[in-house]
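Asks: This is a predicted model, with the sequence first.
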Amino acid sequence: MEQYLEIYQRWKENLKNNEELHNELVSIETNPAQIEERFYKYLEFGTGGMRGIIGAGTNRMNIFTIRKASQGLANLLKKTYPQQEKKIVIAYDSRYKSKEFALETALVLIKNGIKTYVFEQITPTPILSYAVVQLQATAGIVITASHNPKEYNGYKVYWDHGGQITDSLALAVTEEIKKIDNEFAITIAARSVAEKQGLLVWIKDEILETYLQKTKNLILNEELLKDAAELKIVYTPLHGTGLIPLTRLFQATGFANAHLVKEQVDPDPSFPTVVCPNPEDTAACALAIKLACKINADIILATDPDADRVGLTIKNKEGEYVSLTGNQTGALLIDYLLQMKAQKGTLAPNSILIKTIVTSEMGVAIAKDYGVKHLDVLTGFKYIGEKVAEFAKTKSHSFLFGYEESFGYLLGDYVRDKDAIQTCLIIAEMALFYKKQELDLTQRLEQLFEKYGYFKEDLVNITLPGLKGQAQLAKIIAYFRDNPPTEIAGNKITVRKDYLTAEEYHCFSQKKKPITLPRSNVLQYFFTNGSWCCIRPSGTEPKLKIYFGVKGQSQLDATQQLEKLKKDTLNIIETI
C-alpha cells in the first residue's frame with residue numbers, strides 16, 4: 001500500500017467523531033486521484049506562509065493541519081525562548097472558517113503556556129503586523145488566504161519584528177512540524193478556562209485607534225486636506241477586512257466624498273460578486289467601475305480580503321476608467337513621495353527604496369533622480385519587512401518606501417508588511433494634488449514615461465497542479481538551469497542570475513559574482529536592450545511564474561518588445 005493511502009486510512013479512522021471531515025473522506029474512497037492529491041504531502045510554508053484549499057487531508061486547511069502547524073510553532077518558541085514569557089497575536093479575515101481556525105490556533109498555543117491575543121473582529125493583515133510590534137509580542141499569526149479564491153484559507157506566521165518569517169525561521173517551523181507524528185494527539189486548552197486565566201485576551205478597538213492615528217500622520221501635504229472632499233472616490237473592500245479602518249481613515253482626514261460599492265461592503269466568505277477577490281483582476285472591479293461611471297468618480301480603490309493589496313483605477317482625460325498595474329501605481333507613489341519630501345526639505349539623506357527582484361526598474365530610475373538609493377530583495381514582502389525592521393533598529397538607512405509588482409506597498413515603518421490602508425490614503429492625497437493642477441494620474445504617469453522611459457512589465461502564470469505538475473515545474477526550471485540560454489527574442493543575455501546557487505554570471509566578460517540574498521529557486525536574465533525576465537515556482541500555489549520587464553522609447557515600442565520576449569520565452573517552455 002502506498003504511503004498516502006495509509007495516511008488516508010489513518011485520517012478516516014481518527015475523524016469518526018468529526019462528521020464534516022469524515023464524510024468528506026468517505027465520499028472520495030473510490031477516487032484514488034483525489035486521495036493522492038489530498039494526502040501526497042503536508043502543506044508547507046512558502047513566500048506567503050501555509051495556504052491551501054479548505055477540507056479534509058494533509059494537503060488541506062482544516063483544524064488538524066492548523067493544530068499541527070501551531071504545535072510546531074509553539075515547540076520552536078519554547079526552544080528559542082526557554083526562559084522568556086511568550087506572547088502571540090492572532091488576526092483573521094472574512095473567509096470560511098477563519099475565526100474557527102484562529103481560535104484553534106490560540107487554544108493550542110495556550111495549552112503550551114503561551115499567552116495569546118486574538119482580534120475580536122476580522123482584521124487586516126497590516127494591523128496584525130502593527131499589533132505584534134505594539135504589544136511586543138514574540139510572534140503573530142494571520143488566518144487568511146489573501147486574494148485566493150473562496151475555497152482557500154491560509155496561515156501566515158510573523159516574528160517579533162512584525163514581519164512575516166523568512167527562510168531560516170520558516171525552515172525551523174517546518175522542521176518542528178515534521179517532528180509531530182500524530183496531529184490527532186495534539187490537545188487544546190478549554191476556551192472558558194483560558195479566558196478566566198487571562199491567557200486568551202480579546203483585542204477590541206485600542207490597536208486600531210493608534211494605528212489610524214499613525215497612518216493619518218503619513219499625510220505629506222496637510223494643507224490639501226481642506227479640499228479633500230473635492231476628490232470623488234469609489235472604494236470596494238471586495239467583501240473583506242478593509243471597510244472599517246479605511247472608511248474611518250477617510251472620515252478623519254476629510255475625504256468625505258468616498259462612495260462604497262454596496263454589493264461588496266459586507267464581509268462574505270463566498271465572495272458572491274467576484275470570481276476571485278483579487279484587485280489585480282480587473283473583473284473584480286466591475287461593480288466599482290459601474291458605480292464610478294454613475295457618479296463620475298476620479299479614482300477607484302479596491303482592497304483584497306485581508307487588505308494588504310490595493311488596486312487603483314483612474315478616470316483619464318477621455319473619461320474612461322483605466323486600471324493601473326502594480327508597477328505603475330508604485331512609480332506614481334515614489335514620484336509623489338519624493339516630490340513632496342524634497343519640496344518640504346524632509347527627505348533624509350540616507351533614504352532608501354526597497355523593492356523585489358521582479359518589480360519594475362522604473363521606481364529605481366525615479367529614486368536615482370533624487371539621489372535615493374534602492375535595495376533589491378527576493379520575491380515576497382517578508383523580505384521587505386525584514387529590512388524595514390533592520391533599518392529601524394540600526395538607523396543605517398531611513399526607510400522611504402517598499403513595494404512589489406503584485407499590488408503591495410508600504411510607506412510607514414510602524415507596519416512591517418504591505419499595507420493597503422496606508423496606501424489608499426496617500427493615493428487619495430496624490431490624486432487630489434494632481435486634480436488641483438487639472439491633471440489625472442494617467443497624465444502624470446505619461447509625464448514620467450516621457451522623462452524616464454516607457455517601462456512595461458507582465459507576468460505569466462502556468463498552473464501545474466498535483467504530483468505530475470510539480471514534476472513538470474521542476475523539469476522546466478532544471479532545463480533553464482542546465483541549458484542556460486544565450487539570447488531570447490533576438491537579444492543577447494548580458495547577465496544570468498541563479499539565486500539558488502547564489503551566482504551572478506556576466507556573459508560577455510565571463511566573470512562570476514556572488515549573490516548575497518538568501519538562496520531561492522529563481523532564475524533571472526538581463527538583456528542587451530535593457531529588458532529582463534525571471535522564472536520561479538510560486539511559494540503558495542502550484543504555479544510556475546514568469547516575469548517580464550522591458551524599457552521602450554514609446555508605448556508601442558515597449559509593447560512590441562514585451563510581446564516578443566514573452567512569445568519566445570514561452571516557446572522555449574513549450575518544448576521542454
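Replies: Structure received.

Asks: Residue 291 reaches residue 258, doesn't it?
Replies: No. In this structure, residue 291 is not within contact of residue 258 by CB atoms under 8 Å, at 11.5 Å. All C-beta atoms are positioned from the backbone trio N, CA, C, and that covers glycine.

Asks: Pretty sure residue 523 sits against residue 481.
Replies: Yes. If you go by CB under 8 Å, residue 523 and residue 481 touch, sitting 6.4 Å apart.

Asks: Next, show the common contact partners of the two.
Replies: residue 498 (CB atoms under 8 Å, 6 or more residues apart in numbering).

Asks: neighbour count winner among these two?
Replies: Each of residue 523 and residue 481 has its neighbours counted (other CB atoms under 10 Å); residue 523 has more, 19 against 15.

Asks: Tell me what the residue nearest to that one when sequence neighbours are not counted is bridged to.
Replies: Spatial nearest neighbour of residue 523, excluding adjacent residues (CB to CB, 6 or more residues apart in numbering): residue 535 at 4.8 Å. Following DSSP bridges, residue 535 is listed with bridge partners residue 523, residue 546.

Asks: Show me where the stretch 151-300 of the chain has its strands.
Replies: 152-159, 200-203, 233-236, 258-260, 299-303 (DSSP state E, counting those that start in this stretch).

Asks: What pairs with the last one, parallel or antiparallel?
Replies: Meaning strand 299-303. By DSSP bridges, strand 299-303 pairs with strand 233-236 (parallel), strand 310-315 (antiparallel).

Asks: List the buried residues in the helix or strand encompassing residue 467.
Replies: Element membership of residue 467, judged by DSSP states H and E, is helix 466-482. Buried positions in helix 466-482, judged by neighbour count with 16 or more other CB atoms under 10 Å: 473, 476-477, 480.

Asks: quick one: average pLDDT of it?
Replies: In this model, helix 466-482 has an average pLDDT of 92.

Asks: now stretch 86-94
Replies: Mean predicted confidence for stretch 86-94 is 97.

Asks: can you give me the offset of that stretch from its chain's centre?
Replies: 17 Å (CA atoms, centre = their mean, to the nearest Å).

Asks: Just the CA atoms of it, as PDB, please.
Replies: Output of stretch 86-94 as PDB, limited to C-alpha atoms (Å, rounded to 0.1, in the frame of the first residue of the first chain):
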ATOM      1  CA  LYS A  86       5.900  34.300  25.200                       C
ATOM      2  CA  LYS A  87       3.000  36.300  23.700                       C
ATOM      3  CA  ILE A  88       1.300  35.800  20.300                       C
ATOM      4  CA  VAL A  89      -1.200  38.000  18.500                       C
ATOM      5  CA  ILE A  90      -3.700  36.400  16.100                       C
ATOM      6  CA  ALA A  91      -5.800  38.000  13.400                       C
ATOM      7  CA  TYR A  92      -8.200  36.600  10.800                       C
ATOM      8  CA  ASP A  93     -10.100  37.600   7.700                       C
ATOM      9  CA  SER A  94     -13.600  37.100   6.400                       C
END
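
Asks: Show me where this protein dips below the pLDDT cut-off.
Replies: Applying pLDDT under 70 to the chain flags the ranges 1-2, 46-48.

Asks: mind giving me the domain ranges of it?
Replies: Here the domain assignment for the chain is 41-209, 229-323, 325-418, 454-574, based on automatic domain parsing.

Asks: Now residue 387: closest residue in space, sequence neighbours ignored.
Replies: residue 354 is the one closest to residue 387 (CB to CB, 6+ apart), at 5.5 Å.

Asks: Check the secondary structure at that neighbour for me.
Replies: strand (DSSP: H, G, I helix; E, B strand; the rest coil).

Asks: so what's it up against?
Replies: By CB under 8 Å, 6+ apart, residue 354 lies in contact with 374-375, 377, 384, 387-388, 399, 401-403.

Asks: before we move on, back to that, is it possible to get JSON lines of the strands of the stretch 151-300 of the chain that adds distance to residue 194 and mean neighbour count?
Replies: JSON lines is the format used below for these (distance: least, CB to CB, whole Å; neighbours: other CB atoms under 10 Å):
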{"stretch": "strand 152-159", "distance to residue 194": "20", "mean neighbour count": "25"}
{"stretch": "strand 200-203", "distance to residue 194": "4", "mean neighbour count": "18"}
{"stretch": "strand 233-236", "distance to residue 194": "37", "mean neighbour count": "27"}
{"stretch": "strand 258-260", "distance to residue 194": "37", "mean neighbour count": "19"}
{"stretch": "strand 299-303", "distance to residue 194": "32", "mean neighbour count": "28"}
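
Asks: of all these, which lies closest to residue 79?
Replies: strand 152-159 (14.4 Å; CB to CB).

Asks: circling back to that earlier point, could you say what helices and strands the helix holding residue 467 packs with?
Replies: For helix 466-482, the packing partners by 3 or more CB pairs under 8 Å, 6 or more residues apart in numbering; DSSP states H and E come out as helix 32-39, strand 523-527, strand 532-537, strand 543-552.

Asks: quick one on the thing from earlier: who does the residue nearest to residue 387 bridge with?
Replies: residue 375, residue 402.

Asks: What separation is there between it and residue 423?
Replies: Separation of residue 354 from residue 423 (CB to CB, to the nearest Å): 15 Å.

Asks: Residue 83 now?
Replies: 40 Å.

Asks: Which one's more surrounded, the two?
Replies: Remark: of residue 83 and residue 423, residue 423 carries more neighbours, 30 against 4, as counted by other CB under 10 Å.

Asks: hang on, the more buried one packs against residue 411?
Replies: Yes. Counting by CB under 8 Å, residue 411 is a contact partner of residue 423 at 6.8 Å.

Asks: overlap in contacts of the two?
Replies: Jointly contacting residue 423 and residue 411 under the rule CB under 8 Å, 6+ apart are residue 333.

Asks: and residue 11, that's in a helix?
Replies: Yes. Counting by three-state DSSP, residue 11 is located in a helix.

Asks: Next, count neighbours for the residue nearest to it when sequence neighbours are not counted.
Replies: Nearest residue to residue 11, sequence neighbours excluded (CB to CB, 6+ apart): residue 25, at 6.2 Å. Using other CB under 10 Å, residue 25 is surrounded by 22 other residues.

Asks: Please determine how far residue 25 is located from residue 32.
Replies: 13 Å.

Asks: if I look at these two, which residues touch both of them?
Replies: By CB under 8 Å, 6+ apart, no residue touches both residue 25 and residue 32.

Asks: For residue 368, find the nearest of the helices and strands packed on helix 466-482.
Replies: strand 543-552 (13.8 Å).

Asks: residues of stretch 4-14 that come out buried?
Replies: The neighbour-count check on stretch 4-14 (16+ other CB under 10 Å) flags 4, 7-8, 11-12, 14 as buried.

Asks: Contacts for it, please.
Replies: For stretch 4-14, with CB under 8 Å, 6+ apart as the criterion, the contacting residues are 22, 25-26, 29, 32, 35-36, 38-40, 56-58, 64, 184.

Asks: Which pair of these spans the longest distance?
Replies: 32 and 184 (23.2 Å).

Asks: which residues touch residue 312?
Replies: Residues near residue 312 by CB under 8 Å, 6+ apart: 299-301, 323-324, 329, 427, 441.
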